[in-house]
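Asker: Pasting a predicted model and its sequence here:
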Amino acid sequence: MSSPQFTLYSHAGGPNGHTVAFLLKALDLSYETKYLDFAKGEQKSDAYLSRCANGRIPALVDHANGDFTVWESKACMLYLVAKYDNENKFGVGSSPEEQALLSQWLFFQASGQGPYFGQAAHFKMFAPEKIPYGIERYTKEVERVAGVLESVLSKQEWLVSNKLTIADLSFITWNNFGLYALLPEGVNAEEKFPALVAWHKKLLALPYVAEALKDREEAMKAK
């Protein structure tokens, strides 16, 4: 049995690595996931820092391309689409305009959704003391980001180019958690953001997404 083409360095509970797994599965690319133990500081080890200078997950190693390594989940996805999505199933056209719109949504996820949802989770669930200002500030940002997505998805099926792309896939993991746990008290996602919730459920029903999320559940159980 041949070795997997890719090694994906991830974390069982962290959302970002699983986003890359969606695309690896969708493109039928073989990979092995190595889950780092943050409690042991494995993400800050010399061995891992030699692959990922940021000491975060994910990092993706392409063994068929001279062990080329890329980190940051959106960079991983862009690499996979550019090099291995031969039918352009998850990318967009080559025009500067379409490429800019794809980048727009990927950057919004990376700079808007991910950090704000993460801070909301920290202050609402994990901070050693409850800080009302932090909870209010970041849960309202979750609501704001959801509102941006709702404003677009209420008018169109997908985020860009009238097709499912990596832009859509990039939002799944944080929405899977944030839409039901990180909104301000009293805000119901299905009532306030019906188009967003419908889009999210459609993404969850994709076979490769469901399979990757099942892998995540198994990894969480094994912790």
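Answerer: Nice, thanks for sending it over.

Asker: tell me which residues of the helix or strand of the chain with the lowest mean pLDDT are tucked away?
Answerer: The helix or strand of the chain with the poorest confidence is helix 207-222; it has a mean of 94 (mean pLDDT, DSSP states H and E). Applying a neighbour-count criterion of 16 or more other Cβ atoms under 10 Å, one finds 208-209, 212-213, 215-216, 219 buried in helix 207-222. Using the backbone N, CA and C atoms, a C-beta is placed for each residue, glycine as well.

Asker: Over to stretch 94-107?
Answerer: 101-102, 105-106.

Asker: can you check stretch 147-154 too?
Answerer: 149-150, 153.

Asker: what's the answer for stretch 30-46, then?
Answerer: 31, 33-36, 42-43.

Asker: Please enumerate the strands of the chain.
Answerer: Taking DSSP state E as the criterion, the chain contains strands spanning 6-10, 31-35, 59-62, 68-71.

Asker: Can you add distance to Asn175 and give those back as JSON lines?
Answerer: Formatted as JSON lines, these follow (distance: least, Cβ to Cβ, whole Å):
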{"stretch": "strand 6-10", "distance to Asn175": "18"}
{"stretch": "strand 31-35", "distance to Asn175": "21"}
{"stretch": "strand 59-62", "distance to Asn175": "22"}
{"stretch": "strand 68-71", "distance to Asn175": "22"}
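
Asker: just the ones you listed: most buried one?
Answerer: Most buried of the strands of the chain by mean neighbour count (mean count of other Cβ atoms under 10 Å) is strand 59-62; its value is a mean of 24.

Asker: Off-centre distance for that one?
Answerer: Centroid displacement of strand 59-62 relative to its chain, using Cα atoms, centre = their mean, to the nearest Å, is 16 Å.

Asker: which other residues reach it?
Answerer: 5-9, 20, 48, 51-52, 67-71, 76, 79-80, 83 (Cβ atoms under 8 Å, 6 or more residues apart in numbering).
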